[in-house]
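# Sequence and predicted structure, then a few things I'm wondering about:
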2 protein chains.
Amino acid sequence: MSSTAVAPPACLRRPLVVPRRFMFGPGPSNVPPRILEAGANPILGHMHPEIFEIMSDIKSGIQYLFQTKNSMTLALTGTGHTAMECAIFNAVEAGESVLTAVNGIWGERAADMAERIGAFRTLLAGLYCISDEIIKKKKKKEPVLFFLTHGESSTGVLHPLDGIGDLCHKYNCLFLVDSVASMGGAPLCMDKQGIDILYTGSQKVLNAPPGTAPISFSDRACQKIFNRKTKPVSFFLDLSWLANYWGCDGKPSRVYHHTGPISAFYSLRESLCILAEEGLENSWERHRKVAEYFHDGLENMGLKLFVTEKSARLPTVTTIVAPPGYDWKEITAYIMKTYNLEISGGLGPSVGLVLRVGLMGCNSSKANVDMVLTALKNALKHCHKSRV
Amino acid sequence: MSSTAVAPPACLRRPLVVPRRFMFGPGPSNVPPRILEAGANPILGHMHPEIFEIMSDIKSGIQYLFQTKNSMTLALTGTGHTAMECAIFNAVEAGESVLTAVNGIWGERAADMAERIGAFRTLLAGLYCISDEIIKKKKKKEPVLFFLTHGESSTGVLHPLDGIGDLCHKYNCLFLVDSVASMGGAPLCMDKQGIDILYTGSQKVLNAPPGTAPISFSDRACQKIFNRKTKPVSFFLDLSWLANYWGCDGKPSRVYHHTGPISAFYSLRESLCILAEEGLENSWERHRKVAEYFHDGLENMGLKLFVTEKSARLPTVTTIVAPPGYDWKEITAYIMKTYNLEISGGLGPSVGLVLRVGLMGCNSSKANVDMVLTALKNALKHCHKSRV
């Protein structure tokens, strides 16, 4: 073992070169210098008192962002998918049933996760979930958890939430909401709307780098989770361990669970500071106004919005019907090449049908809308058009 | 829902203040400015060609670091615990048996993870695992996976690896090695030593922020994993999805799995560049020499090393027998307060018995040893000593 058999790779002799780019796809969005700088602070230990204070600040920030008083509020090490698994792993036991609204890709993934841990899954298909249908499905299987995506970034739908929490609780079912694409950019009040588990990601409206996922659990959710008969399949995502690491369990001392992503905590805290400075309602209002300005501009160009009902349009991610006669890939490639600007095609059920434009957090401004509209106009002029 | 009920928290009005600190505990270690700066580059998309190239560079860097030609080599979004779960979730199915060497805290956690997914676990206790014992235990249960920690940061033991791979393969068992605390600081050659699954963390010898975990799978491991009868419990850690996202499955196009931690990829790549520049063998040699210099210095001060056998001492994390008559907490607190320098107490089986000092990656230097020795000397002078 005196000599190594694999040589140092030549590619690592090249310095890292990262271009600046307008990140106007469905995420990640641009990270402002203030947040990047926060993330470049020196490392501290994951059990140092300064880090516990930063985690406490993050917890307060998430409580504000989510509009919740839940003590069981923290940020996971991972992405939105980590949070989705954390919710399902903790709230569901093998043999139980989960009802999932599939109004895009996320519902399918949640159902897949439930099935992997031995839960039964029932799907509710369609862009919207009508209350009657939920009741019918519920009666069939008595689910312990109902999953719904608030902002479906694959279809551009903002799903209404009012009343669903009450309906769930009537049937002794927990209400789990994915707000990765909507949180901070569209009105949502966790406590008022009776949401039991809510999560988001750091890389959308919050404008932090991907790698942390805010999540919160209601007392009702904790009641079920902490009275499980079996351990959750994941140690890493076991809420009893996470609750202690995040100081949410009221115990006087914290036990080492895992090494938190220190740099990502710095940037997440900074992004929550920026949100608190602007104010949540101002942020909702800005996203709403900018989205309307964008949607008007698109319609004035003769483009069609994929979501016809105005109130159901997600203000953070806009889906545009792929312009007939064009190859959508040529449009996104032209805009990337010409403007160094990302917009994207569809995802899951919307592949080939739409163009998707995300204007989230600091990216949500009329100036950026004007830039996207100009880019689209020129793309339609320069890209190849077949006769329709 | 017109007004928000939870007000912006006052704590987020304070700017982020992060002190500089000597991170000489068992990890995370200090991150040099070059790596912090790399991490502060602008965000790109998780499916952009530049990111695929950076991921490819990271893959090559890990192959060099691990000394492997395995195509199935990538970095996980998460920490060492994520990698531990990824290995077990993919390689083991419910009803199968896992043999775990428990020579500190990590073996216990691996056994817990195996049990959570419905596998039988058998433990091998003791600081070292003698081959005969492994054979005896194997015959009893026929495990499909044997877990061993190379560098046990809780006890300070570097476990020998030679011959164990062959022994495992004779019994049709995969050999899984945790090298979180040792990788890059102590000789290890994955392919030569017949290791089937190997992982480490970004925050130890690599000196990158915590949040990514390099991992590699041998063809033998892939053979078992891709012929499973059931899906792994986790979608997020399902190797078939990860392999595609990392371009390890030979398929022409990549499907969206999760949003990779872009900033953490930048810093991980930079840390692998630094390692390639120094050379792996030079890094091993530097850690060995610095550790010997440190151990001599400790013994000259009259302190005792917890691991008596020289060849079994981990060069990255040193365990010192807690000085008799002193409260170890007073010593670590004094050193933190006086020198802004972290050394730590024990973990798991070594709690109360040892002080732990980690000198990893850029922290492994004689100058830092001198600083720690001075700090320890002054702590022993100033801290309260009872009669022994």
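Structure received. Residues are numbered from 1 along each chain as shown, chains lettered A, B, ... in the order given.

# Report pLDDT for the closest residue to A:Val180 other than its chain neighbours.
Sequence neighbours aside, A:Gly80 is the residue nearest to A:Val180 in space, at 4.1 Å (criterion: Cβ to Cβ, 6 or more residues apart in numbering or on different chains). All C-beta spots, glycine's among them, are computed from the backbone N, C-alpha and C. On pLDDT, A:Gly80 comes in at 97.

# got the residues of the stretch 151-300 of chain A near chain B?
Within reach of chain B by Cβ under 8 Å from any Cβ of the partner chain, the stretch 151-300 of chain A has these residues: A:162, A:187, A:189, A:191-193, A:201, A:203, A:209-211, A:231-236, A:256-264, A:266-267, A:269-270, A:272-273, A:276-277, A:279-281.

# Next, count neighbours for A:Ile215.
27 (other Cβ atoms under 10 Å in any protein chain shown).

# Look at it and tell me its secondary structure.
Under DSSP: H, G, I helix; E, B strand; the rest coil, the three-state class of A:Ile215 is strand.

# A:Val180 now?
coil.

# Any stretches of chain A with poor pLDDT?
Residues of chain A meeting the criterion pLDDT under 70: A:1-2, A:126-132, A:134-135, A:138-141, A:387-388.

# Let me see the domain layout of it.
A:22-27+A:279-382, A:33-276 (automatic domain parsing).

# among the ones you listed, which is the most enclosed?
domain A:33-276 (a mean of 22; mean count of other Cβ atoms under 10 Å in any protein chain shown).

# what's the first-to-last distance across that domain?
Domain A:33-276 has an end-to-end distance of 18 Å (Cα to Cα, to the nearest Å).

# tell me which element A:Lys59 is part of?
helix A:49-66 (DSSP states H and E).

# Kindly report the same for A:Ala375.
A:Ala375 belongs to helix A:366-382, assigned by DSSP H and E.

# What of A:Leu36?
Judged by DSSP H and E, A:Leu36 forms part of helix A:33-39.

# do A:Val290 as well
helix A:280-300.

# Give the next helix or strand downstream of that helix.
Next element after helix A:280-300 (DSSP H and E): strand A:317-321.

# Touching that next one from outside, list them.
With contacts defined as Cβ atoms under 8 Å, 6 or more residues apart in numbering or on different chains, strand A:317-321 is touched by A:26-27, A:151, A:153, A:155-156, A:181, A:291, A:294-295, A:298, A:303-307, A:346, A:350, A:353-360.

# Now do the helix or strand just after that strand against strand A:317-321, angle only.
Following strand A:317-321 in sequence order, the next helix or strand is helix A:328-339 (DSSP H and E). Counting by axes from the mean of the first three to the mean of the last three Cα atoms, to 10 degrees, helix A:328-339 lies at 120 degrees to strand A:317-321.

# ok, helix A:328-339 near chain B or not?
No: judged by Cβ under 8 Å from any Cβ, helix A:328-339 makes no contact with chain B; its nearest approach is 8.8 Å.

# Quick check: which helices or strands does that helix pack against?
For helix A:328-339, the helices and strands in contact under the criterion 3 or more Cβ pairs under 8 Å, 6 or more residues apart in numbering or on different chains; DSSP states H and E are strand A:341-342, strand A:344-345, strand A:354-358, helix A:366-382.

# Quickly run through the sheet partners of the second one, with directions.
Strand pairing for strand A:344-345, determined by DSSP bridges: strand A:354-358 (antiparallel).

# Give me the distance from the partner strand to the chain's centre.
Computed by Cα atoms, centre = their mean, to the nearest Å, the chain-centroid distance of strand A:354-358 equals 16 Å.

# what comes into contact with that strand?
So strand A:354-358 is in contact with A:23-27, A:29, A:153, A:155-156, A:181, A:204, A:294, A:306, A:316-323, A:328, A:331-332, A:343-347, A:350, A:372, going by Cβ under 8 Å, 6+ apart.

# Convert stretch A:168-186 to CSV, retaining C-alpha atoms only.
Listed in CSV are the C-alpha atoms of stretch A:168-186, where the atom choice follows Å, rounded to 0.1, in the frame of the first residue of the first chain:
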residue,chain,number,x,y,z
CYS,A,168,-58.8,16.6,7.6
HIS,A,169,-59.1,17.0,11.3
LYS,A,170,-62.8,15.9,11.2
TYR,A,171,-61.6,12.6,9.9
ASN,A,172,-58.6,12.4,12.3
CYS,A,173,-56.2,12.9,9.5
LEU,A,174,-53.0,15.1,9.5
PHE,A,175,-52.7,17.8,6.8
LEU,A,176,-49.3,18.0,5.2
VAL,A,177,-48.5,20.9,2.8
ASP,A,178,-45.5,21.2,0.4
SER,A,179,-44.9,25.0,0.0
VAL,A,180,-41.4,24.7,-1.6
ALA,A,181,-42.3,26.9,-4.6
SER,A,182,-44.8,29.2,-2.9
MET,A,183,-43.6,30.0,0.6
GLY,A,184,-42.9,33.7,1.1
GLY,A,185,-44.3,34.5,-2.3
ALA,A,186,-48.0,33.7,-1.8
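
# so how far is it from its chain's centroid?
Counting by Cα atoms, centre = their mean, stretch A:168-186 comes out at 12 Å from the chain centroid.

# before we move on, back to that, give me the contacts around whatever helix or strand comes next after the helix holding A:Lys59.
Once the chain leaves helix A:49-66, the next helix or strand it forms, by DSSP H and E, is strand A:72-77. With Cβ under 8 Å, 6+ apart as the test, strand A:72-77 has contacts from A:55, A:58-59, A:62-63, A:66, A:82-83, A:86, A:199, A:202, A:211-218, A:221-222, A:237, A:239, A:242-243, A:245-246, A:248, A:258, A:260-261, A:264-265, A:268, B:78-79, B:82, B:211.
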